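*Asks:* Model the following, please.
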Amino acid sequence: MYITCLDLEGVLVPEIWIAFANASGIPELTKTTRDEPDYDKLMKFRLQILKEHGIGLKEIQETIATIDPMPGAREFLDELRSFCQVIIISDTFTQFATPLMKKLGWPTIFCNTLEVSESGDITGYCMRIPDSKLTTVKALQSIGFDTIASGDSYNDLGMIQASKAGFLFRSTEQIKSDYPEFPAFEEYADLMSAIRKVIN
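*Replies:* Residues are numbered from 1 along each chain as shown. The predicted structure follows:
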């Protein structure tokens, strides 16, 4: 039995931090896992920027409330779930993801948790498990599932490489150039067709 494991940001919804960087006028926050492979380093950088600007969870959630899934994402997910189990595996946080899951029809998501003070400041973050995407894929395989994986960033490469089939979706030219062995798609219809071929 197959399970398709999808990244969230850049695949189904726009990048949350980029949207907030644009809304807040803080260009430093446009850096994502497409730019920085070390997630811990990236998050510490982000939290420092938020602290310097006196920004808490509420301000970010106000921006998230304005974000819609990418055009066609909900339909893609609905069709994919009609013939295959799907799990979204993301390095985002429950406090960010929940409003977006509602707009996507409440798919299953495995993600992380922010540590938030009583005043609403983001003081830290708790990763669900180390190297969560690869670890999750390996765990699914250990209980009898074949995995198909797709994502756009450096932190997706582990689960893509470890899966029976892996695809890049709307990735950067640099990542596509560095990993030419993975088919790269820009449209949901092409990704859907590739997944169907694996399962059928």
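*Asks:* For the rest of this, base every contact and every neighbour count on C-alpha atoms.
*Replies:* Fine.
*Asks:* Contacts for the longest helix seen in the chain next, please.
*Replies:* Ranked by residue count under DSSP state H, the longest helix found in the chain is helix 39-53. Under the criterion Cα atoms under 8 Å, 6 or more residues apart in numbering, residues 28-29, 31-33, 36, 56, 122-124, 155 lie in contact with helix 39-53.
*Asks:* What's the mean pLDDT across the helix or strand following it?
*Replies:* In the C-terminal direction, the helix or strand that comes right after helix 39-53 (DSSP states H and E) is helix 57-64. Taken as a whole, helix 57-64 carries a mean pLDDT of 93.
*Asks:* In contact with Leu29, which residues?
*Replies:* Leu29 is in contact with 17-18, 20-21, 46, 49, counting by Cα under 8 Å, 6+ apart.
*Asks:* ranges for the strands of the protein?
*Replies:* Applying DSSP state E to the chain gives strands spanning 2-6, 85-93, 109-116, 122-126, 146-151, 165-169, 184-185.
*Asks:* which sections of this structure are below the confidence cut-off?
*Replies:* Applying pLDDT under 70 to the chain flags no residue at all.
*Asks:* Who does the nearest residue to Ser163 once chain neighbours are set aside form a beta bridge with?
*Replies:* Once flanking residues are discounted, Ser163 sits nearest to Thr147: 5.1 Å by Cα to Cα, 6 or more residues apart in numbering. Per DSSP bridges, the residues bridged to Thr147 are Ile3.
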